[in-house]
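> Have a look at this prediction, sequence included:
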Amino acid sequence: MGKEQQQSYWRSLNELAQNEEYKKFAEREFPENATELSDGVSRRNFLQIMGASVALAGLSACRKPVQKIMPYTRQPEHMVPGQPLYYASAIPFRGNLTGIVVETHEGRPTKIEGNDLHPESGGRTNSRQQAAILELYDQDRSRRVRRNGSESTWNNFIDFCRDHFAEPGRNIAFICEANSSPTLQRLRQQAMSRFPNARWVSYEACNEDSLYSGIAMAFGERLRPLYHLDNARITVSLDDDFMQESDNNVRYIGDFAGSRAVSSPDDEPARLYVAESNYSLTGSNADHRLRIKSSEIPQFVYALAARLSEQIDGLDAFSGHSNSFSGHSWISVLAEELIRNRGQSLVTAGAEHHAGVHAAVAAINLALGNAGETVEYLEVPHLENDDQNQAMRDLASDMRNGNVDTAVIIGANPVYTAPSDLDFAGALEQVSTSLHLSLHYDETSRACDWHVHRAHFLETWGDGYSFSGVRSVIQPMIQPLFDGKSEIEFLHALLQGEEDSGYNLVRETWSDFIPDNFESGWNRVLHDGQQEETRFTAAAVSLAPGFGEQIATVLEQTEAIPDEAVELVIKPDPKLHDGRFANNGWLQELPDPMTKITWDNVALLSPNTAERIGVPPTRKFGDPKMEVIRITTESGRQAEIAAWVLPGHADNSITTYTGYGRQQIGRVADQVGVNTYPLRTDENRLFHHQVQVTTVGRTYEIASTQDHHSLEGRPHVQEADLDYYRENPTFAQDAVYVPGVKEDREHPVSLFSDQKFPAREPQWGMTIDLNSCIGCGVCTIACQAENNIPVIGKREVRRGREMHWIRTDRYFSGDERENPKVMHQPVPCMHCDNAPCEQVCPVAATTHSDDGLNQMTYNRCIGTRYCANNCPFKVRRFNFFNYTREYLTTGDDPEIIQMAMNPDVTVRFRGVMEKCTYCVQRISRAKIETKNETGDSIKPPDGTVKTACQQACPANAINFGDISDEHSIVSTEKRRDRNYMMLEELNIRPRTSYLAKIRNPNREIS
Amino acid sequence: MSQNTETVPDNRLVKGDHDFASITKLISDIPQERTPLWWYIAFGVSNIVLAVMIAMVVWLVWEGIGVWGLNNPVGWGWDITNFVWWVGIGHAGTLISAILFLFRQGWRTAINRFAEAMTIFAVMCAGLFPAIHVGRLWTIYWIFPLPNSMQLWPNFNSPLLWDVFAVFTYLVVSTLFWYVGLVPDLATMRDKVKGRISKLVYGTFALGWTGGNRQWQHYEKAYMILAGLATPLVLSVHTIVSFDFAVSIIPGWHTTIFPPYFVAGAVFSGFAMVLSLMIITRKLYGLEDIMTVDHIEKMNIIILVTGNMVGFAYVMEFFIAWYGGVEYEKFAFINRAFGPYAWAYWIMVTCNVVAPQFFWVKKFRRSIALTFALSIVINIGMWFERFVITVTSLAQDFLPSSWGYFSPTYVDVLTYVGTFGLFFTCFLLFLRFLPMVAIAEVKGVMPQADPAYYRSQNGNTKSTDDS
């Protein structure tokens, strides 16, 4: 897809239409009638027109708006109107690519799915990846080059660069977000050789430098650990939320879920231990969880290493060390478990913990024989050789001292995200020339002389490596909507003073990777979305010579943490990360997996700590008002933020997330939440040992999608310990008594005659394996993307009107002052055979199809909401306002967001009910294709219909298919002993059933 | 007849020194007199409140159901609460005119016209809510079984459809019944009024009534048949309204006791509303001789009976929730009494169960001030009963994750308040232009109507008042 071929893409419906009327309209400054008003004759004309248009307005108000569309005159190859095309590409995040497949409709990308061939995706995605499509169609992305805030052009920028960078002696600082692109690395080398005084800093607000430094301390090299959770019998996570925060979380979640799969009572699921302060997503999936402060993690690791050193070799550096955790019951249990599972165990620690922690963890994994088995240490060529946090620190001071004359900031937003004590904004003022490439006109753009609007990865060519080193090309799906430039085009223009397309730049780089038969190799890479047999090499690791001394220093420096000190932990937001996704409505409205909060960040604390600070330890049901607290660090930096009591959080610890409190970024991001970056300093990236916390005496409204957090002993979520399950394999089915079922009747008797399902139709059904589900919420975003679900905003969510078709319920059980367990349960429409909603609709707008779907006919719905009232699962969603219209027609260019819509799915008008359809559009497409292929059958082969939630789920928790086919996967799943139907006793006969969760606790602890 | 027995005569239904002519004059003069100042004030206020209601409805239709406080678990809030409340109030009229007519309760004559008018206006207010509560008002005619080329019919399984038929039938029959009863009195008005236009209007609606023997015979038969038709409706309307809830599967709604419980509650609130209105009206128009304290006492007895039926139903619901052993049902009722809506529940119990107990005491039954106060209290209580049933059951049902809390918005509140504007606008027009007491029927229960009266009293019309 070179420059020559790109004309067939268009930016808006009007541009596509390009009819005479539109051209005239675009050329005229004022609409037709406005200028004619000035002379008297045409005033009559005006009145006539007004009369007519008022009459027409009256008519058109009763009808749907009419838009003209035009057919292709030269139809692109493979393009069949109405048929989507799928292209492989890759999605970059913090320098790591994940393979994706993009669904495009008539030249516009509408949905992202995982790439089956790609090892880091395996056909699965996470919520950030699902939401990237909305980022592409973000109207608030920057649309133009700016110089000192006023509009400029790309050509002006190139001219400027040609002059400015002609001087090779300049002191240039390149600050680039983490990037693995070989093309960018090539350009970087060019830059560094052109400018001897230049330096390059790879900057990420939340990075893994501490992890690499720790591994360098242990093994002498900066290596990337790649976990193989599928090989691990025992995993110990120390404040490491790898299911949420890892760049490789799609793969990790899949491996983790696979390692815990239970298909019969004989299976031996793996076990997960988590010690952490915040109640994280990973923690909620642990078999055992220890609440400790993040600041206590170092002591915990050293105590564990010391205990292990008593029994195994390789940890001599720690022997004899003792601290307050040495006597802790967990240390002896973990030591025993790890040694018992040598070579099949894994210890991980949160990336931003002190290097010493990572050194200890690496040494433990090595000593246990896990290296090469459950963890590989990869040599990553593009990784910087020195600590980039230190590099950033040095750079900031050099900038402040005037030793840098030009700052080139690529992608990153350091003015907003850099540690507050670096005062990056102040340092940037001392730099005479600053250039910034970014998607949004953000904090850093405002502080820079030049801003260049960046192209989205779905719009440009690029390349890079995945987490494990698979090399991929990023293919554009559409011409840049706002003529943005990619980082390689930007850097190239800057260096060469002339423009070149990303296509040429990437191909030039790849000519080295595909030495012979380039075109066919290139096409192969584009087709597959990856280059075969590329991977980083795993290093053979051994302890570095100076390890003992370094550890000795670390152990000496470890200070005891006073029990009563309240620590503050600052973590990247599970949804917005460091803030880069702040203008993404889908992510903002996705309930946080643990708190179910949308549109805000809060200070998470335990009930005990809340009480200590003066915050009510329990929330009043239905009251959105949360107490606001003021957090003051040792250096006097303050933030006021709403407190949220999270049962299971460590005592005397507060967790907050970054990425909120933005100003002038976009209509979604602005004024949402509190900016917590001022609290984050270079020294205290992850946590402050001690902060002052007081209540402020005011409250703040938080929109949470779940008000009640206990199951009240109800049997909706079935779970058991492994031992109990082995004794009672059918415990989940036996949990409720259903009259008739025990007596070998299929169903209890119903007042209505049973629907007869014809044999020629497939019978759709779904299973959701609660043992696999980790509760991440990607199903919600995937469904939102697939089914055109609008974003409704904080006010409406607070009123309990969220529109998500599939939600993830989260329940706590156990003592909420101590360490409650958490259960996650995704709930879509159950498609009951005997559906209560269908019986009460007065106009028969919701009915049953022959293939067993509970259908919703939007056109017939008059909106009594009776169906929603009578739905025991409360999965029906009502359009209280014209949400879709607000969502799709606000802003200057509503047509941009409209392009994100899936043309196969109707958008819903206000006043109608909607709900999960089992992705009926996908079912219909598959049925039509099957009929075309076979001539008569309308039963698609098993596995051809995947619902959006199923396809996205990294844990493979959802299965969907034909339950009348006893060989289908879903039928097999439904025959498992753990299978149960929620609220089966109501005789509603749901088609969606659950598989009970099995926990694998260690008998010695519990 | 034994010498040892004695018949205790009922108190006379019409007090004071009245003969047929004075009764006619008393009632038929009211529309002919100068309109009193208080009427203008009351009518003005009612109109303003009505305008508020119209504004709220327009805003609702313009913006969407979201202007109400409804949310995801609570799909019905004040809308259906108000609907059931107004329908309940609309029960008294037909009960008084039809059932008491069939039971030959002469005292009904003093209040039946008045109560029937109230019924019609209350049902109008009630009917508003199901109409405007739908998301797409412009398609509401789809609930009627209208033949169409798509062969699309409504879902006859749905209680909401039954409800439409029930309420609509009730409105039609009540209006017919009221109008048939009005015909002789409209003729009286026609004969009394001076103005040509009013003569024409009253005359048109009097359908040429002359009071002839044949006419009376037809009239009495028609009235009897309509009473027979209306009687089952009194029971059916609220039975079917209760089906909206009882046929669903939501704990707290799915209850077989609902039909009798709803009917009792409806009579309870309807009588309370009649009392509230009557006590003011009889004072304003000086009708104490016709609407006597005896009437008030009789109505208070019905309130006491139905109030205790309602109270019994409250207890029974709890018993069955426990006895049935269904976990969700148990929770629903315990949650009502002690959950987030406990305040509403205890208001309901206080107003509906505790308040009527005063009427065990004769002195209280005959106290006009207390009756008036309690009639208001009872209607507040009955509103809360419907609120408790509708909202608390929805707010916390099967899945604890979905539990929510409903808070009304100003639109909810003003729409409800606004329906009083509609109600009182209609009611004041009724008071002003129509004979508010059934003149002909009241005469029928006076001693003078007894064919033996003049003979026994020798033509002496002087009565012996015993109170």
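Okay, I see it.
> rest of the way, CA atoms for contacts and neighbours
Will do.
> Residue A:913 and residue A:879 touch, don't they?
Yes: if you go by C-alpha atoms under 8 Å, residue A:913 and residue A:879 touch, sitting 6.3 Å apart.
> Could you report the distance from residue A:197 to residue A:169?
Spatial separation of residue A:197 from residue A:169 under the definition C-alpha to C-alpha, to the nearest Å is 6 Å.
> Provide the contact partners of stretch A:600-611 at residue level.
Contact with stretch A:600-611 is made by A:278, A:588, A:616-618, A:641-658, A:660, A:672-674, A:702-703, A:816-817, as judged by C-alpha atoms under 8 Å, 6 or more residues apart in numbering or on different chains.
> again, but for stretch A:223-238
Contacts with stretch A:223-238, where a contact means C-alpha under 8 Å, 6+ apart, come from A:212, A:215-216, A:252, A:255-256, A:258-259, A:269-276, A:297, A:337-338, A:341, A:344-350, A:373-380, A:468, A:539.
> For stretch A:162-170, which residues meet the burial criterion?
With burial defined by 16 or more other C-alpha atoms under 10 Å in any protein chain shown, the residues of stretch A:162-170 counted as buried are A:162, A:164, A:165, A:170.
> pull the CA atoms of that stretch into PDB?
What follows is stretch A:162-170, C-alpha atoms only, in PDB (Å, rounded to 0.1, in the frame of the first residue of the first chain):
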ATOM      1  CA  ARG A 162      16.500  21.600   7.600                       C
ATOM      2  CA  ASP A 163      17.900  24.800   9.000                       C
ATOM      3  CA  HIS A 164      18.000  23.900  12.600                       C
ATOM      4  CA  PHE A 165      19.600  20.500  12.300                       C
ATOM      5  CA  ALA A 166      22.100  21.600   9.800                       C
ATOM      6  CA  GLU A 167      24.400  22.400  12.700                       C
ATOM      7  CA  PRO A 168      26.000  19.100  13.800                       C
ATOM      8  CA  GLY A 169      27.400  20.400  17.000                       C
ATOM      9  CA  ARG A 170      24.100  20.900  18.700                       C
END
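> Can you name the residues of the stretch 301-450 of chain B that neighbour chain A?
Residues of the stretch 301-450 of chain B lying near chain A by C-alpha under 8 Å from any C-alpha of the partner chain: B:340, B:394, B:397, B:398, B:399, B:400, B:401, B:402, B:403, B:404, B:405.
> what helix or strand is the first one on?
Taking DSSP states H and E as the definition, one finds residue B:340 inside no helix or strand.
> and the gap between residue B:99 and residue B:167?
Taken as C-alpha to C-alpha, the span from residue B:99 to residue B:167 is 18 Å.
> go on, residue A:258?
The gap separating residue A:258 from residue B:167 is 59 Å, by C-alpha to C-alpha.
> one step back: which one of residue B:99 and residue B:167 has more residues nearby?
Counted by other C-alpha atoms under 10 Å in any protein chain shown, residue B:99 and residue B:167 do not tie: residue B:167 has more neighbours, with 22 against 19.
> Just give the number of residues close to the closest residue to the more buried one other than its chain neighbours.
Excluding its sequence neighbours, the residue lying closest to residue B:167 (C-alpha to C-alpha, 6 or more residues apart in numbering or on different chains) is residue B:237, at 6.1 Å. For residue B:237, the tally of surrounding residues (other C-alpha under 10 Å) stands at 29.
> Residue B:237 against residue B:170, yeah?
Yes: in this structure residue B:237 lies within contact range of residue B:170 using C-alpha under 8 Å: 6.9 Å.
> How about the contacts made by residue 298?
This is for chain A. The neighbours of residue A:298, taking C-alpha under 8 Å, 6+ apart as the test, are A:354, A:356, A:357, A:558.
> hm, I was asking about chain B
Contacts for residue B:298 (C-alpha under 8 Å, 6+ apart) come out as none.
> Kindly confirm my reading that it forms part of a strand.
No: remark: residue B:298 does not belong to a strand; assigned using DSSP: H, G, I helix; E, B strand; the rest coil, it is helix.
> Now do the same for it: its pLDDT.
Note on residue B:298: pLDDT of 88.
> Same question for residue A:613.
Per-residue pLDDT puts residue A:613 at 90.
> wait, what's in contact with whichever residue of the stretch 451-600 of chain A sits closest to chain B?
Here the residue of the stretch 451-600 of chain A nearest chain B is residue A:596; by C-alpha to the nearest C-alpha that distance is 10.5 Å. Residue A:596 sits next to A:704, A:705, A:706 when contact means C-alpha under 8 Å, 6+ apart.
> and the gap between it and residue A:602?
In this view, residue A:596 and residue A:602 are 12 Å apart by C-alpha to C-alpha.
> From the residues of the stretch 301-450 of chain B next to chain A, list the buried ones, please.
Buried members of those, counted by 16+ other C-alpha under 10 Å: B:340, B:394, B:397, B:398, B:399, B:400, B:401, B:402, B:403, B:404, B:405.
> In helices, which of these fall?
Using DSSP state H, the subset of these located in helices is residue B:394.
> what about the residue nearest to residue B:64 when sequence neighbours are not counted, is that helix, strand or coil?
Among residues not flanking residue B:64 along the chain, residue A:881 sits closest, at 5.0 Å (C-alpha to C-alpha, 6+ apart). Here residue A:881 is recorded as coil under three-state DSSP.
> Would you confirm that residue A:881 contacts residue A:908?
No: contact criterion C-alpha under 8 Å: residue A:881 and residue A:908 do not qualify, at 10.6 Å.
> In which helix or strand does residue A:973 reside?
Here residue A:973 is assigned to helix A:969-974, by DSSP H and E.
> Could you do residue A:824 as well?
Taking DSSP H and E as the definition, one finds residue A:824 inside strand A:821-827.
> Which members of the contacts of stretch A:600-611 are positioned in strands?
Under the assignment DSSP state E, the contacts of stretch A:600-611 contribute A:641, A:642, A:643, A:644, A:645, A:653, A:654, A:655, A:656, A:657, A:703 to strands.
> Show the low-confidence segments of chain A, by residue range.
Applying pLDDT under 70 to chain A flags the ranges A:1-70, A:741-747, A:1006.
> cutoff 50 now
Residue ranges of chain A with pLDDT under 50: A:1-19, A:22, A:25-26, A:28-63.
> care to break it down by domain?
A:3-60, A:146-202+A:389-458+A:478-503, A:224-378, A:562-704, A:719-747+A:763-999 (automatic domain parsing).
> Redo the ones in strands among the contacts of stretch A:600-611 as a markdown table? Include distance to residue B:85 and neighbour count.
As requested, the ones in strands among the contacts of stretch A:600-611 are exported to a markdown table (distance: C-alpha to C-alpha, whole Å; neighbours: other C-alpha atoms under 10 Å in any protein chain shown):
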| residue | distance to residue B:85 | neighbour count |
| --- | --- | --- |
| A:641 | 45 | 26 |
| A:642 | 41 | 26 |
| A:643 | 42 | 28 |
| A:644 | 40 | 28 |
| A:645 | 41 | 25 |
| A:653 | 52 | 30 |
| A:654 | 50 | 31 |
| A:655 | 49 | 24 |
| A:656 | 49 | 24 |
| A:657 | 49 | 26 |
| A:703 | 33 | 25 |
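> Angles on the backbone of the residue in chain B positioned nearest to chain A, please.
Going by C-alpha to the nearest C-alpha, chain A is nearest to residue B:135 of chain B, at 3.6 Å. Note on residue B:135: its backbone torsions stand at phi -70, psi -30 [degrees, to the nearest 10].
> I'd like to know how many residues surround the closest residue to residue A:897 other than its chain neighbours.
Among residues not flanking residue A:897 along the chain, residue A:137 sits closest, at 5.3 Å (C-alpha to C-alpha, 6+ apart). If you count neighbours by other C-alpha under 10 Å, residue A:137 ends up with 21.
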